[in-house]
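S.K.: here's my sequence, what's the structure:
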Amino acid sequence: MNQRLLLAQLIFLALASVGRGEPQTQPAADSPKAALKAQDAAAKSGSVNADMDFYQAEGDQQKKLAQAIAEGDVGVAKLEKTVGEHFGKALAAAAVRAAGTEDNESIDSASESVNGDHATVRFEHQQSAVPMIKAEGKWKISLGDWTKGASSNDVDQLISKLGELAAGIDRITDLVAHDKFRSGEGVRDRVQELHDRLFAPNH
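M.R.: So this is what the prediction gives:
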């Protein structure tokens, strides 16, 4: 699999369920989309371990990937809260969208396809779908399906980039908390620059 394509797909996966607003409708209680909403709550709780539980990972490398993704999830959730407190909900949403997120309304409007213990959730504006699997009685994002065909080196590079993203998001959040930004638009632009530096196609 092309490394840039893998990174572009997985950064969407990593942050797809973070930075959501209040839901307009509720999916079925035991459904893949409901699991994505529950993952959002886990991220907003600040618990990396709780968020990791929504990723099905096999082997040490996938577990490292799950942790890197979960740390990004929690970081973006903290960014959303902090920007919201300083600049309002709309600019908080803009800042987390700059990190590559989908909001709760996007989950509500996403299509869901279930085939036994496997499922996909496809967002309206994304070419790729999120693969999910029912494991331990609950729907989880399947990292094995998502990284199928990717080399070990591809995944290692993704883990590294996600670590850089989480660290950068944490730094921006700290700056916001200490009133170092004059506007929410400035926060949004800084997050966009960070995201593009790590995941733009020419990087």
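S.K.: give the other helices and strands that the longest helix along the chain contacts.
M.R.: What stands out as the longest helix in the chain, according to DSSP state H, is helix 59-87. Here helix 59-87 touches helix 3-15, helix 32-44, helix 48-52, strand 55-56, helix 89-98, helix 143-146, helix 152-177, helix 184-199, going by 3 or more Cβ pairs under 8 Å, 6 or more residues apart in numbering; DSSP states H and E. Placement of C-beta: from N, CA and C, glycine included.
S.K.: contacts for the last one?
M.R.: With contact meaning Cβ atoms under 8 Å, 6 or more residues apart in numbering, helix 184-199 is reached by 7-8, 11, 79, 83, 86-88, 90-92, 94-100, 161, 164-165, 168-169, 172, 176, 181, 203.
S.K.: for those residues, which ChimeraX command selects only the ones that are buried?
M.R.: Per 16 or more other Cβ atoms under 10 Å, the buried members of the contacts of helix 184-199 correspond to this ChimeraX selection:
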select :7,8,11,79,83,86,87,91,92,94,95,96,97,98,99,100,161,165,168,169,172,176,181
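S.K.: still on that earlier bit, out of the helices and strands packed on helix 59-87, nearest to Glu112?
M.R.: helix 32-44 (5.4 Å; Cβ to Cβ).
S.K.: for Ala31, which non-adjacent residue is spatially closest?
M.R.: Just to correct that, residue 31 is Ser rather than Ala. Spatially, and ignoring its direct neighbours in sequence, Ser31 is nearest to Glu112 (6.5 Å; Cβ to Cβ, 6 or more residues apart in numbering).
S.K.: which SS class is the one you found?
M.R.: strand (DSSP: H, G, I helix; E, B strand; the rest coil).
S.K.: that older thread, including mean pLDDT and distance to Val121, could the helices and strands packed on helix 59-87 go into a markdown table?
M.R.: Formatted as a markdown table, those follow (pLDDT from 0 to 100; distance: least, Cβ to Cβ, whole Å):
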| stretch | mean pLDDT | distance to Val121 |
| --- | --- | --- |
| helix 3-15 | 55 | 10 |
| helix 32-44 | 89 | 5 |
| helix 48-52 | 94 | 17 |
| strand 55-56 | 96 | 14 |
| helix 89-98 | 90 | 18 |
| helix 143-146 | 91 | 12 |
| helix 152-177 | 95 | 20 |
| helix 184-199 | 95 | 21 |
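S.K.: out of those, nearest to Ile107?
M.R.: helix 32-44 (5.4 Å).
S.K.: give the buried residues for that closest one.
M.R.: Those would be 32-40, 42-44, for helix 32-44 by 16+ other Cβ under 10 Å.
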